[in-house]
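> model this:
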Amino acid sequence: MRRRYCRCHGPTGGCAHQTCFRKLPDFREVGNTLRQQYDQAVRVELHKNKNGKEYLKPLEGYSRSFANRLVYLKQSPTYCNKNAELGFPGTQDRQCGDENSCELLCCGRGYHSKVVIVNQRCECRFKWCCYVRCKTCPITTVINRCL
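Below is the predicted model:
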């Protein structure tokens, strides 16, 4: 995943001397690659041959080589619903951000929005010496919660 990058050094921007190094790509590119590999992961089973040596066998009729692919043994649990066995509370009644993140987090079940007024510290000023004095201002905000 690391790539080779080179920089030129020399008078007036010439390339009289070159320094090369290996560097990881930016974080978003790494995340996108991992997500793509996750989406194309191959489910496998663990088998033993006649000699007792373990090997992985792909399921779901997958016949091509999966040497450079992500593999998994068990289906991941859904985190949308409560699962007491795994200790996961589900996403029902969970607070979410805007409509894009709520749609994903609430697993398509929808969400409700509530307008609330919250008192927050504002117009803070430093007083010599040595404390901060603030006013309390009412701020109108929207709170979204999963259904």
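> residues in contact with Ala41?
69-72 (CB atoms under 8 Å, 6 or more residues apart in numbering). (Each C-beta comes from the backbone N, C-alpha and C, glycine too.)
> Just the residues you listed: which are in strands?
Among these, the ones falling in strands (DSSP state E) are 71-72.
> can I get the contacts of Ala41 in a markdown table with neighbour count?
Conversion of the contacts of Ala41 to a markdown table gives the following (neighbours: other CB atoms under 10 Å):
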| residue | neighbour count |
| --- | --- |
| Arg69 | 14 |
| Leu70 | 13 |
| Val71 | 13 |
| Tyr72 | 11 |
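> With respect to Leu46, which of the contacts of Ala41 is nearest?
Leu46 lies nearest to Val71 out of the contacts of Ala41, by CB to CB, at 10.3 Å.
> Can you check the pLDDT for that closest one?
For Val71, the pLDDT comes out at 86.
> so how far is Arg109 from it?
From Val71 over to Arg109 the distance is 31 Å, taken as CB to CB, to the nearest Å.
> same check, this time on Val118
Counting by CB to CB, the gap from Val118 to Arg109 is 26 Å.
> what pLDDT does the closest residue to Gly10 other than its chain neighbours get?
Once flanking residues are discounted, Gly10 sits nearest to Ala16: 3.3 Å by CB to CB, 6 or more residues apart in numbering. Listed pLDDT for Ala16 reads 81.
> Need phi/psi at Ala16.
Backbone dihedrals for Ala16, given as degrees, to the nearest 10, come out at phi -70, psi -30.
> can I see the domain layout of this structure?
Listed by automatic domain parsing, the domain ranges of the chain are 1-39, 41-76, 78-147.
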